[in-house]
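1. model the structure of this input:
(chains A and B)
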Amino acid sequence: MEVLPSIWFIAIAVLWTGYLFLEGFDLGVGMLMKLFARSDRERRVLLNTVGPVWDGNEVWLLTAGGATFAAFPHWYASLFSALYLPLTLVLLGLIFRAVAFEYRGKINTDRWRNAWDWAIVLGSFVAAFGIGAALALSTTGLPLNANGDRVGGPFAWFTPYALLGGLAVVGFALVHALAFLMIKTDGEIRHRARAWLTRWLPLGLVPIAAWVVAVQLLHGKWFSWVLTVLAVAAAVAAWLLARRQAEGKAFLSLGIFLAAGTSAIFSAVYPVVLPSTLDPAFNLTVANASSSDYTLGLMTVVACIGLPLVIAYQAWTYWVFRRRISAAHIPDSHTVLPAVVRKVLKGQS
Amino acid sequence: MDPLEIARWQFGITTVYHFMMVPLTIGLGLVVAFMQTLWYRSGKAEYLRMTKFWGKLFLINFIMGVATGIVQEFQFGMAWSEYSRFVGDVFGAPLAMEALLAFFVESTFLGLWIFGWKQLRKGLHLACLWIAVIGSVISAYFIIVANSWMQHPVGVTLQDGRGRMVDAWAVFTNNTAIVAFSHTIMGALAVAGGFLLGIAWYHLWRRRTDGIDTVDENGRVVVGEAAGVPGRDKTDHKVWLRSLRIGAVIAAISFAGTSITGDLQGKLMFVQQPMKMAAAEAACHDGTQFSVLSVGDLGSKDCSNIVAVIEVPGLLSFLAKGDFTTDVKGVNTLVPEYQAKYGTNLPNDPKLGDRAGKAIQYVPVMEVTYWGFRMMIGFGGLAALAAVVALWLTRRGTVPASRWLMRLAVFGILAPFGANAAGWIFTEMGRQPFVVAPNPDVTGADPVFMYTAAAVSPGVSGGEILTSLILLSAVYAALMVVEVKLLTTYIRGGVASAMPELAHPGKDEDSGPSSDDTDVLAFAY
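-> Next up is the predicted model:
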């Protein structure tokens, strides 16, 4: 039993759970910009619910990636190089989305805003789908040789599991975003979000539930099955609570669903971190993919100090920006004009 | 298609591009935090305006740095999987720490600063900015630690064919990292200084051209107001004059800083990467002279056709060792030394594909190292000189009316960017053919080093990397156009572009936290 590698396996599971929980709703809010919001003012309500926090949420992805690099270099190297093209698309999606959040309101024309709205919608969708596909493939396997390199060409990763994982995170993000909007907005948007949530929650969670169950059928252990049952129960609870307009509790239940679901997945695949579909002897495991105990020990100390701090100040951020936002709060857009004394003015004087 | 060459181009392009935004983020962040501190302490309107205006430009730039930074972290695994496997044990740690200890801080507290003008008390709001900015400086430290380890691998041994960290203290206090970090921060401040100087110059010039400010018979400024233009009041003049002076002083001081830290780097390079030193000079033979101009085929790599036209005797020895007599080894001496120590051919490893067993070219591309080194120093020096001249020209409170001088000041913004890019291109290209340069201090044990040719992902095809290279380059080019367009729009708008309330006089410019229901969003996207 490798103690430190196992601890880091858990740490990475925690980082991915944190990422999906937090960025889940801002990816979903991004995808809902065109689908759900009905006017520019509503789109700005959506944007501003995640405005102060989306960037901090995204760092969970970088930390999950960085921690994988530091703690499991072989997992990081094999997974990222095998998924070269899909991850390129994820990067492009994240770039467009990030820039769009910041630039959308900077020029006051419909054409400008519309272009960036699409950047947010498509960027969020592609990023959510690609990250879901990558995570799913890390649990179901890739065609890796003894060195951990992908064989079979640039699209050898493309399997039904990639599709399932992509849909899983997209579906979850949409549902989670509706629940988030329900607790973060007021007025008509809040009611619509609740109505959409109760209508679409069951369908939206089907792919992610299917992925959890698929992993159980492939690698399940008794306790991962227990977690699976817990996840399904939390999903049902979220749905019932949303119907009863218990908004906060419904959101929390979705969080429990996610945590139980990811725990079920990660605990089922343990100790394998990335299976090879060619030969089980080529599987990457917590033992053969990890860094030295020295590095893991150092990282453990750093994480024990850093992670609680991150959680504390991010929680504080949500507290500072706790108030619900409605269309009435959105200030008018303003147009930036050059600060130049114009000829007309000169003529008047 | 050789995946290696394409992957190198991709890493080079994405990194240089990313590093257009990073120094401005670090430098301007520190400046804006300083300005807001002045406002917090004095309550003067001009400092609030400076904070808002420069803060707006800071944010337009910041987001591009964030967006392109993710690419950096991902492509180690995507395109350089063998590298990641070889160094992950030691190189991954600073990257993970950067995310966990610095980038989280930076992005979370910046979100609080952007949106928290009304939600947070003034002092706390200012503290959030300082925390975010310090986060970005710490972030730079971790990244430099990682990069410097590639230049000078310390605290590591070779075990089972891979690097294993044995001394974290050595890694995080690597002398290469400490001086490179100082050099980078100074370089970032130089960028911010030039940025402030050029833009503030434009506005002072605009005020003169528009007839708002005039000069009296002694050449001293007479400040006026333009009622029809939001923000163009008397305070506005203070905003630009102070910004200009702060910028010029920062530019001058930071150049002194880059010179001192750069000199320390040169002395380390002489010991740690002698070939890079020789390549910086295109020096074939041992000697003491610094080349001011060398001509000929610098790329010939065998030194047969390089003629030094102007040289300063002794200067190179001073850069390398601090005296005027030490011979600095040239390429012709170093190549046999490297071959004796590290071999003449790449290993016959099937993972290397076509590159297996090929002869190793130990001399970096000397056109790049030679000119990169000179562009870094030249651009940096020009910018500093311009800053001192600018302080002199503006001593009577405004800028000369010359349109050409204004254009020069604005165009001069690019010089420190050029110096930063040239410096990085020099140091990274000068490290070749190694991705992890061998540490010459390591004797006895197996030295940890890696050839760039052995670092690329064996399973990824050239076509895949080319696809991403084309996509990323196209998107980056388009986004550069958008960023510059936005920056230009907001710069031309003056302070009012960042403070629309200036267009509606009578409204309170400066108010603290409030529970008014309309203030749920002090700032809104």
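2. leaving out the residues flanking it, which one is nearest to the residue in chain A positioned nearest to chain B?
-> Per Cβ to the nearest Cβ, A:Pro73 is where chain A lies closest to chain B, at 2.2 Å. (C-beta placed from N, C-alpha, C; glycine too.) Nearest residue to A:Pro73 in three dimensions, chain neighbours excluded: B:Gly88, at 2.2 Å (Cβ to Cβ, 6 or more residues apart in numbering or on different chains).
3. that older thread, tell me how many other residues surround the residue of chain A closest to chain B.
-> Number of residues near A:Pro73 (other Cβ atoms under 10 Å in any protein chain shown) recorded here: 29.
4. which residues touch it?
-> Neighbouring residues of A:Pro73 by Cβ atoms under 8 Å, 6 or more residues apart in numbering or on different chains: A:289, A:291, B:84-85, B:87-89, B:92.
5. same deal with A:Val269?
-> A:Val269 makes contacts with A:139, A:215, A:219, A:275, as judged by Cβ under 8 Å, 6+ apart.
6. please identify which helix or strand holds the first one.
-> In this assignment (DSSP states H and E), A:Thr139 forms part of helix A:110-140.
7. quick one: mean pLDDT for that helix?
-> Here helix A:110-140 scores 96 as its mean pLDDT.
8. from the contact counts, what lies against that helix?
-> Helix A:110-140 is packed against helix A:3-35, helix A:40-50, helix A:73-82, helix A:84-103, helix A:160-184, helix A:188-219, helix A:247-269, with contacts defined by 3 or more Cβ pairs under 8 Å, 6 or more residues apart in numbering or on different chains; DSSP states H and E.
9. hmm, A:Ala37 is touching A:Leu47, no?
-> No - judged on Cβ atoms under 8 Å, A:Ala37 makes no contact with A:Leu47 at a distance of 9.1 Å.
10. tally up the residues packed near residue 74, please.
-> With no chain named, the answer covers chain A. Residues lying near A:His74 (other Cβ under 10 Å) number 24.
11. chain B was what I was after
-> Residues near B:Phe74, counting by other Cβ under 10 Å: 23.
12. element containing it, please.
-> Assessed by DSSP H and E, B:Phe74 sits inside helix B:45-79.
13. flag every residue of the stretch 151-300 of chain A that's near chain B.
-> Neighbours of chain B within the stretch 151-300 of chain A, by Cβ under 8 Å from any Cβ of the partner chain: A:151, A:153-154, A:291-292, A:294-295, A:298-299.
14. the residues you listed, buried ones only, as a PyMOL selection?
-> Applied in PyMOL, the following selects the buried portion of these according to 16 or more other Cβ atoms under 10 Å in any protein chain shown:
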select buried, chain A and resi 154+291+292+294+295+298+299
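15. including pLDDT, could the residues of the stretch 151-300 of chain A next to chain B go into TSV?
-> Formatted as TSV, those follow (pLDDT from 0 to 100):
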residue	pLDDT
A:Val151	93
A:Gly153	91
A:Pro154	94
A:Ser291	93
A:Ser292	93
A:Tyr294	94
A:Thr295	95
A:Leu298	96
A:Met299	96
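16. do the helix or strand hosting B:Val484 and chain A meet?
-> Element membership for B:Val484, per DSSP H and E: helix B:462-493. Yes - Helix B:462-493 is in contact with chain A by Cβ under 8 Å from any Cβ, via B:463-465, B:467-468, B:471-472, B:475, B:479, B:482, B:486, B:489-490, B:492-493.
17. average pLDDT for that helix?
-> Helix B:462-493 shows a mean pLDDT of 95 in the predicted model.
18. now the helix or strand just after that helix - C-alpha only, PDB.
-> Sequence-wise, the next helix or strand downstream of helix B:462-493 (DSSP H and E) is helix B:495-498. What follows is helix B:495-498, C-alpha atoms only, in PDB (Å, rounded to 0.1, in the frame of the first residue of the first chain):
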ATOM      1  CA  VAL B 495     -10.200  58.700 -17.400                       C
ATOM      2  CA  ALA B 496     -13.900  58.900 -18.300                       C
ATOM      3  CA  SER B 497     -13.700  55.600 -20.100                       C
ATOM      4  CA  ALA B 498     -13.000  54.000 -16.800                       C
END
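19. residues contacting helix B:495-498, please?
-> Counting by Cβ under 8 Å, 6+ apart, A:336-337, A:339, B:49, B:52-53, B:55-56, B:229-231, B:236, B:239, B:489-491, B:502-503 sit against helix B:495-498.
20. how far out from the middle of the chain is that helix?
-> Remark: helix B:495-498 is offset 27 Å from the chain centroid, using Cα atoms, centre = their mean, to the nearest Å.
21. swap in stretch B:182-199?
-> On the basis of Cα atoms, centre = their mean, stretch B:182-199 sits 9 Å off its chain's mean C-alpha point.
22. wait, does that stretch contact chain A?
-> No - judged by Cβ under 8 Å from any Cβ, stretch B:182-199 and chain A are separated, with a smallest distance of 12.1 Å.
23. for that stretch, what is the average pLDDT?
-> Mean pLDDT, computed over stretch B:182-199, is 96.
24. could you do stretch A:97-104 as well?
-> pLDDT averaged over stretch A:97-104 gives 95.
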